[in-house]
Each structure stands twice: as C-alpha cells, then as structure tokens.
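Enquirer: Output the structure for:
(2 chains)
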Number of protein chains: 2
Amino acid sequence: MSEHHQKPPRPSRRGFLTAAGSLVAAGGVGALAGEAAGAPKTVAKPAIEPFWGVRQGGILTPTQNHTYFAAFDLTTTKREDVMKLLRLWTEAAARLTQGQPVAPFGTDPGVPADDSGDGIGLSPARLTLTFGFGPGLFIKDGKDRYGLAAQRPDALVDLPRFNGDQLVPARTGGDLSVQACADDPQVAFHAVRQLSAMAYDIAEMRWVQSGFNSQPAGQKTPRNLMGFKDGTRQPDRIDETVWVGAEGPTWLRGGSYLVVRRIRLSLEHWDRMNVDFQEKTIGRHKHSGAPLGRHHEFDEVDLSATDADGNPVLPENAHVRLSHSASNDGAQIYRRGYSYNDGVAFTAERWPPWKQGMLYDAGLLFIAYQRDPRTGFIKIFGHSSKFDMLNQFATHVGSGLFVCPPGVKPGEHIGQALFEAA
Amino acid sequence: MSEHHQKPPRPSRRGFLTAAGSLVAAGGVGALAGEAAGAPKTVAKPAIEPFWGVRQGGILTPTQNHTYFAAFDLTTTKREDVMKLLRLWTEAAARLTQGQPVAPFGTDPGVPADDSGDGIGLSPARLTLTFGFGPGLFIKDGKDRYGLAAQRPDALVDLPRFNGDQLVPARTGGDLSVQACADDPQVAFHAVRQLSAMAYDIAEMRWVQSGFNSQPAGQKTPRNLMGFKDGTRQPDRIDETVWVGAEGPTWLRGGSYLVVRRIRLSLEHWDRMNVDFQEKTIGRHKHSGAPLGRHHEFDEVDLSATDADGNPVLPENAHVRLSHSASNDGAQIYRRGYSYNDGVAFTAERWPPWKQGMLYDAGLLFIAYQRDPRTGFIKIFGHSSKFDMLNQFATHVGSGLFVCPPGVKPGEHIGQALFEAA
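Expert: As a prediction, this is how the structure comes out:
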C-alpha cells in the first residue's frame, strides 16, 4: 500500500510470453498427457511464463488473476533433505509452469499417481512459482540446523513489531515460501499441492492464503475491496528497487526480498463512511483515482499543495502522503498484492461503533518486493503504521519476510548457490 | 455428486446471453457511471445474464467460474421489513446483474456511497443472483414471525441428519440465501456485499462460502479437486427434475429447491491412494472419465456389468453406482457445484493413518437443484451416505436447504406471490 511518484512501468523483464495468444496444440496438460482420441486438440490461448532464467518469475511478471501463497516449516534435521526438496521443487516447477503435470499420468494404476490430476485439461494460465527462504532456514531457535547460519543475509531481519499489529502465529512466518500465481485458481492450487506432497517428512505447510486480482477491461489499474484504484504508482527505477545487487552476498545477487502481510479490512465499517472521508483517508478521489485536488489518475501527487485557507490538500495522515517515497527518505517497494476473501467470521471491531458479529474476513494479501526490507517495507510501514488514517480499517493479522534467491538454469536448483556457498 | 444415465443436456432455458461476445460500450459499470473522458470506452466481451423472467437465473444458467454463496438470519420481527428487504434486493439484483452499481456514483461525497465501488470497471461477468428461503422464514423456534407459517411447503423439510454428518452450526442453515455466480470473484462478492449492506437491521449474514469452477478449454467437463471429471451426467429431463410444478403451492410453481453442502475433502489422504483404488471409489477412470470398464466419458454406466469372475465391474459401494438414479428409484438432481479452497487448518483425519496437522480446508461446495428434496437429495444421499466409499474422503461440515421462488417481472419483487398468498 505504498505510493510513489512516477508513472507505472510496464514490467517487461520476464514479460508477457512467447506462446500467449497463439494456438499451441501441445500447450495444455491434457494434450501432453495423451487426451483420448477425438477430444478437442486445440487449447485456446495458453499463456506460458518461462521458468528458467536469471530472475525468478512471479516478481516482475505482470500480475496474474489468482494466487495461492504457502509458507512451510522445515521439519527435517538434515541439510541433504532440504537440498533434495529444493531440487524436487525446482524440477516440478519447471514442468508445472509449462502446463505439464509433475509426471506423466497413467503409467501404473496400482500405485499413487505422482500428480493429483486436477490440472488435466486446464490452461497453463501463466503460472509462476516463486520460492523464498525465511529466517528459519538459516537459524531457528538458536540452532544452525543446516549449516547455513553464516549465510543469513543482514537484510533478512526478524520483522519488528509494528504499531497495531495483531499477528496470528498460525498466519505468520515460515522457513520456506512458495507463491503460486496464475490466471486460474485451480492451476495455482494444483501447483502448490504437488509441491506440498513432495515435502512429506521434510517440510509441512504452516499457513496459506489464496487471493484474487480482478483486472478491469483495457488493463486499467485494478480496484481493491475498498473500491479504490490500487497500484497506480510503482517505483520509477524498478530494477534498482527490486533486485539485490553487489551489497548482498554473491548467491543472492539478482534475488529479492518478499514481504507478505494478510491485512483484514473492515469493509462494513468502511462502506458506512462518507465518500469524502474515504478520499481523505486514502488521499485520492474514489472514482477517478486522481490525487486529491487533481483530476486524472496519473497526475502527480503534490505533497505541498495547500487550499485557499493554507491547509494541505492531502491531509497529514492520508495514506498516499505517508507511504510516499518523499515521506520516507526515498524508500520504495514494488507492490504485487491480491485481494483475499475468506468469508465471514465472528469479529469484534476495534473502532466505533464497535460492532460485534459476523464480519467479512476479507481484505488485502499485501505482497511487496524490494532489495532490502530495512530500507523498504520496514522503513515505510514503520512510519505509516503509526499515523496512517487507513489503519483504523486495516488490521495486519499475518506476516512473513522471505528472501527470494535469483533464478536458475536447467540442471541447477533454486538456492543451489546458497548451499554451495555454505 | 449424483450420477445419472443420459448425456448432459446443454441448459438453454436462460442460455448464454444476448450481449455475450459483442462489444457493448454501455455494458461496463465504468461506462454507465460516467468514466472520465479519455478512458477506454469499449469493454471487451461483456456477458450479461437476464434478471427478469419466469425462472430465476443461476439455476440452469451455464455454470460461471466463481460463486459467493451467503446465508442470512432474519433478525427483524416485522413482516414489512422482510418485504422491504426483498424489494430492495430485487431492484439491486436487476441492476447488478446488468453490470450497473446499485446506485450511480458521485452524486454527493458528503454521504456514504450507495455502492462500495469495487465493481467499477469490471465486466458484468455473467453475474446471476439466486434467492432462496430457508425454513426459518416460515417458522422459527415454533414462532410464525411473519405470518407465513401456513405457506411453508411440505417439501421444505428440515434436512435429516445423514450418516457421517459433521455439520458446524456456523456453516449450516439460514432464513434467506443468496447465491451469486459470476466469471469474476470480485463481481460475485461485490454483489452480495451490496445486498448485505441493505439488510442492516433486518437480516445478517450467518455463513458464506466462495467457490470456483475452472473450465478446461473447449467446454469439456471440469475436474474437481479429486482430479476426476465431475458433472459428466446430468438429469435427462432437466425441466421435470428441477422446476416445481402443479404439486407445489401456486406461488412456488416454476421455482426449485436448493441443497447446499460444504464438503471437506481429505485431499492429502486421497492423493496417497493408488489410482485404481481411486477409480473403484468413484466408479470411473480417472483420466478419460469413462465408467469403469468402458472407454469414453459419455459411455453408458452399466450397473449390471460383471467381469470374467462374475464380480461387478462397478463395485457395490462405488460412488457412481450408489448415486445413480437406477439405485435410487429414479431420483435425480441437477448439480451445479463449485470447488472451495479455504487454505489449511489444524485437522485430525478420521481415517488411517489418522494424520493430525495442517490439512487443506478445501473440497466441494455441493449445490444441487431439484423439484422436491425428499425425492431428490434426501433420497440419494440418505442411501449413499451409508455405503459410498467416497465418504471416507468427504466430510459434510456445512448444509442448507432453501426453496427458491420463481423469477419475477419488472415491478415485482422476489417472493411477492408468497406474501400475497399469506
């Protein structure tokens, strides 16, 4: 939920892909797996994101419509197990992202299938799988379980407690993260399900969260569940903002840091607020998305503008002001968030009218990438968590910080350079 | 999860629609609400389902990709409040399904907006809203709250307890139901959110469930999370199966009965089973979807087929056999289910190896329509809940039975004939 001052770049490094828009007979899982004769052979518009490369996919890849994020706890005591798991995950991810099952179907009905089969026939749906390492991979409860403690990057801190945090342990942390993004929710879940099955006796799921991102027609900025355009401004120098450079350990150059926050939004409360109050809270006009006092979505945010009485046009505690890079010593992060919607739960509001009852458990699965969380999310949210008017509608209940290693070449596995360095 | 013995009809009564596939400049919410000059005016392929009509939408409408189902408890004591709510809901549904906000935006920023705004710019996405009445509308705790008790249809029974039921009160029942279906999850949620806000001081949400239905390319039968094709067979005489006829009260003719069940599937357990065991459990081949021993998905299910040793090809407790109309005195239901995926939760398995830990809270949001639940779902599941091999992987944790009145003409409200009859 950070704001920046330049036009959004169209992320292009791993761009829209090769096969997008064409008819590729072999592009669907069904075709590869030998769909029964007579079944349709053409798969409409598969879109396949590359897996191998110098960067991991799913970071600057144009945002897909669905995500399934999973955090795992490592349960093994053996370094070789972790390496084995990362090798299995890498090989599986290389297949799954290309629309293939983790292994061909139907070779022997007398054993469990390697692939659960719920992806058969579905488009690859631009699936990306992005892997991250939590602090617990390096050291946990003071124990160097896998001989990696000396490799823990300085920037992989334990996130501080922020003002207002109501983090639930069952939605926080994790030794490994997998962020599956795809234009089909079943494709994203299918992928993580295969990876989780491979982790048997090595790691187990700690928490997961699915999310969606509904794109308006014509590639306009999507609206979040508060009804406001979200993501209008992104960092101006995106590579500098996202990718770890020479300041990081060798094994991490070209990687990034992922901050994930499960932010419940008090939607019922929000919906009862006057529109102009909502706009002052965000700092933008609701319908157009323009900064307060301006007319067009991509007009500059002017922090110094004052009205006829000399009062700031953008209130001192408006979200746009507080999360703006100019309010945070230039700090920027690349946001790639999703909405989440987990139904209703009995909840006591923290604010007037202190409603208690079945309220939405819905909001924002905030996902942000940056080269250093200390000068990124921690800097920005450390500030805005204290003053942002939005906080009375936003409760952070889940959290994680993961370091995402760079991408790999065929034959390598995710994190290989880390293990070779240690 | 019922099986029937004819080729699936292509539901056509309310068919694919009017505007589908065309460019309709006024079809998007943004356009109707006066999007800022210069914004794209064309909305790609909006698809709009009709709202007014002799039947409610969302029953035989071709299944959309997403659903948000909500059950409400009526909290008011006044009959007029219920009528008012149904009138508001009807008017809102007529607008929302056509891609319009519940009221135009931006007329007065000094008051709360009538519409939360998160649907601005999104396609109508074939949104349908289907309304149902639970037993509690007619009588609750022995009280005839709204003077409707005498109108309670005989077929609107209290669902019996089924073998294996592990129903959670917080996911069961409700006085009113709203089933929103759309090809966009944000559109479905947006619709219910507006309706829920209108219910303030009249009704409140009791439970909700979102779901998805991922369509393979080429309109093939979708697969559920067990990896099997689900929905291959539907009733042969669909109108006779679904719509209440002369046997029902006058106000209900052309209506239907909705059974909804939240069925958690033990996916981790299922994935560890041999493929041939899975196939015997379902009674179909996993990859092709053909009945066991046959070759093609739409081959007839032959309950009497035996192998060389004289044993039945379809095991006695296979799901296909037990839910087949021929095993249930001809009973048929029209299934319109979705998968659901609510992450992971600490769960103790009911079956070997009795695993405890973070397991998927995912499965099937079973939705079925029928003209009489006593000769439909209750008949079929009363039988299969006792014997179906599938039950060891399927736990029913939520449930509801609702009577869905017929559709209405402009100027009428949903349920109007019921209130006029009482």
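Enquirer: Who's the closest spatial neighbour of the residue in the stretch 151-300 of chain A that chain B sits nearest to, skipping the chain neighbours?
Expert: Closest to chain B within the stretch 151-300 of chain A is A:Gly227: 2.8 Å, counting by Cβ to the nearest Cβ. Quick note: C-beta positions are derived from backbone N, CA and C, even for glycine. Nearest in space to A:Gly227, with sequence neighbours left out and distances taken as Cβ to Cβ, 6 or more residues apart in numbering or on different chains, is B:Gly117 at 2.8 Å.
Enquirer: One more: A:Pro101?
Expert: A:Asp115 (3.7 Å).
Enquirer: who's in contact with A:Gly248?
Expert: A:153, A:155, A:255, A:371 (Cβ atoms under 8 Å, 6 or more residues apart in numbering or on different chains).
Enquirer: An error on my part: the question was meant for A:Val111.
Expert: B:274-275 are the contacts of A:Val111 under Cβ under 8 Å, 6+ apart.
Enquirer: can we see that at 6 Å?
Expert: B:Asn274 (Cβ atoms under 6 Å, 6 or more residues apart in numbering or on different chains).
Enquirer: Let me see the backbone angles for it.
Expert: phi -130, psi 160 (degrees, to the nearest 10).
Enquirer: Next: A:Ala246.
Expert: Dihedral angles (degrees, to the nearest 10) for A:Ala246: phi -70, psi -20.
Enquirer: Return the per-residue confidence for it.
Expert: With respect to pLDDT, A:Ala246 has a value of 97.
Enquirer: what's around it, how many residues?
Expert: Neighbour count of A:Ala246, defined by other Cβ atoms under 10 Å in any protein chain shown: 6.
Enquirer: what do you get for A:Gly330?
Expert: By other Cβ under 10 Å, 10 other residues sit near A:Gly330.
Enquirer: do A:Lys78 as well
Expert: Neighbour number of A:Lys78 under other Cβ under 10 Å is 12.
Enquirer: Now do the longest helix along chain A: which elements does it pack against?
Expert: When chain A is parsed with DSSP state H, its longest helix is helix A:79-96. Applying 3 or more Cβ pairs under 6 Å, 6 or more residues apart in numbering or on different chains; DSSP states H and E, one finds that helix A:79-96 contacts helix A:185-198.
Enquirer: quick one: contacts of the next helix or strand after the helix it packs on?
Expert: Downstream of helix A:185-198, the next assigned helix or strand under DSSP states H and E is strand A:203-212. Identification of contacts with strand A:203-212 by Cβ under 6 Å, 6+ apart yields A:66-75, A:170-171, A:174, A:196, A:262, A:338-340, A:365, B:185, B:341, B:343-344, B:358.
Enquirer: Can you flag the buried ones in the residues you listed?
Expert: Among the contacts of strand A:203-212, those classed as buried by 16 or more other Cβ atoms under 10 Å in any protein chain shown are A:66-74, A:171, A:174, A:196, A:262, A:338-340, A:365, B:185, B:341, B:343-344, B:358.
Enquirer: Starting from chain B, give me the distance back to A:Trp52.
Expert: Using Cβ to the nearest Cβ, to the nearest Å, A:Trp52 is found at 25 Å from chain B.
Enquirer: Next, the contact list for A:Asn213, please.
Expert: Taking Cβ under 6 Å, 6+ apart, we find A:Asn213 in contact with A:63, A:65, A:222, A:338.
Enquirer: Most neighbours of all those residues, which one?
Expert: Neighbour-wise, the contacts of A:Asn213 (other Cβ under 10 Å) top out at A:Tyr338, 26 neighbours.
Enquirer: Need phi/psi at it.
Expert: phi -130, psi 160.
Enquirer: Not including adjacent chain positions, what is the nearest residue to it?
Expert: Counting by Cβ to Cβ, 6+ apart, the nearest residue to A:Tyr338 once its immediate chain neighbours are dropped is A:Gly211, at 2.9 Å.
Enquirer: Mind listing the residues bridging to that neighbour?
Expert: Note on A:Gly211: beta-bridge partners A:Thr67, judged by DSSP bridges.
Enquirer: ok, is stretch A:343-363 in contact with chain B or not?
Expert: Yes: using Cβ under 6 Å from any Cβ of the partner chain, we find that stretch A:343-363 touches chain B at A:343-344, A:358.
Enquirer: Settle this for me: A:Val102 is touching A:Ala113, isn't it.
Expert: No: when contacts are counted by Cβ atoms under 6 Å, A:Val102 is not listed as touching A:Ala113 (9.3 Å).
Enquirer: So between those two, which is more surrounded?
Expert: Set side by side, A:Val102 and A:Ala113 show more neighbours around A:Ala113, with 24 against 21, by other Cβ under 10 Å.
Enquirer: is it true that the more buried one touches B:Asp276?
Expert: No: taking contacts as Cβ under 6 Å, A:Ala113 lies outside contact range of B:Asp276: 10.4 Å.
Enquirer: need the strands for the stretch 151-300 of chain A, in chain order.
Expert: Under the criterion DSSP state E, counting those that start in this stretch, the stretch 151-300 of chain A contains strands at A:176-182, A:203-212, A:256-265.
Enquirer: hmm, back to that, so who does the residue nearest to A:Pro101 touch?
Expert: Residues in contact with A:Asp115 (Cβ under 6 Å, 6+ apart) are A:101-103.
Enquirer: A:Leu137 too?
Expert: By Cβ under 6 Å, 6+ apart, the contact set of A:Leu137 is A:Asp175.
Enquirer: cool, A:Lys409 as well?
Expert: The contact partners of A:Lys409, taken as Cβ under 6 Å, 6+ apart, are A:Trp52.
Enquirer: secondary structure element for it?
Expert: Here A:Lys409 is assigned to no helix or strand, by DSSP H and E.
Enquirer: Ok, the one 10 residues further on next?
Expert: Assigned by DSSP H and E, A:Phe419 falls within helix A:416-421.
Enquirer: How about residues contacting that helix?
Expert: Applying Cβ under 6 Å, 6+ apart, the external contacts of helix A:416-421 come out as A:83, A:151, A:251.
Enquirer: Tell me how many other residues crowd the first one.
Expert: Applying the criterion other Cβ under 10 Å, we find 16 residues in the vicinity of A:Met83.
Enquirer: if you skip the residues just before and after it, what's nearest to it?
Expert: Of all residues not flanking A:Met83 in the chain, A:Phe419 sits nearest, at 5.6 Å (Cβ to Cβ, 6+ apart).
Enquirer: How about A:Phe162?
Expert: A:Ser385 (4.2 Å).
Enquirer: correct me, but the one you found touches A:Asn163?
Expert: Yes: contact criterion Cβ under 6 Å: A:Ser385 and A:Asn163 qualify, at 4.3 Å.
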